[in-house]
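**Q** Structure of the sequence below:
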Amino acid sequence: MEGLRVLANRKTTKVTFVGVPDQPGMAADILGALGRRGINVEMVVSTGGQDGTADISIAITRNQTHGIVEALEAIRRDAGARALHSNAEAALISLLGPGLQTEPGIAGRMFGAISRAGVNIEAISTSVSSVTCMIEDARCETALAALRLEFNLE
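**A** Below you'll find the predicted structure:
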């Protein structure tokens, strides 16, 4: 595919707000509170609700996580989330290219290549021009090699 690129961000922390009330405005409240504290969110994934709650996972740059545990906990309490989980050893790996919106099967090929390499995908986010997976940082080079092979990228 013309113009396809693969990029990785190995300096990522995954933070999950568990059991957020599944009602309008919760994502706005959480992300707004993060923004007011100067925390830039690189990826957001929200699950559908169960029992009136949902989980919201975000990726933030690892260097932003120092000293924000109290802020994250305050945001969790204000949002009414049951728990807060974090993983400071996450990475984001993305396929980018203008043809993603018109060429079917790219995401499936990406997920298959990562899976065959033995790498677990923790979260997925897509847009018109990118497909991003959150994976364990220690497996990033393996996933990158698998994607380069799958898509014939240098």
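**Q** And the lowest-mean-pLDDT helix or strand in the chain, what does it pack against?
**A** Within the chain, no helix or strand scores below helix 69-79, which has a mean of 87 by mean pLDDT, DSSP states H and E. Helices and strands touching helix 69-79, by 3 or more CB pairs under 8 Å, 6 or more residues apart in numbering; DSSP states H and E, are strand 5-21, helix 26-36, strand 83-96. All C-beta spots, glycine's among them, are computed from the backbone N, C-alpha and C.
**Q** possible to save these as JSON lines with mean neighbour count?
**A** Output for these, formatted as JSON lines (neighbours: other CB atoms under 10 Å):
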{"stretch": "strand 5-21", "mean neighbour count": "19"}
{"stretch": "helix 26-36", "mean neighbour count": "15"}
{"stretch": "strand 83-96", "mean neighbour count": "18"}
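**Q** returning to what we had before: just how off-centre is the least confident helix or strand of the chain within its chain?
**A** Relative to the chain's own centre, helix 69-79 is displaced by 20 Å; criterion: CA atoms, centre = their mean, to the nearest Å.
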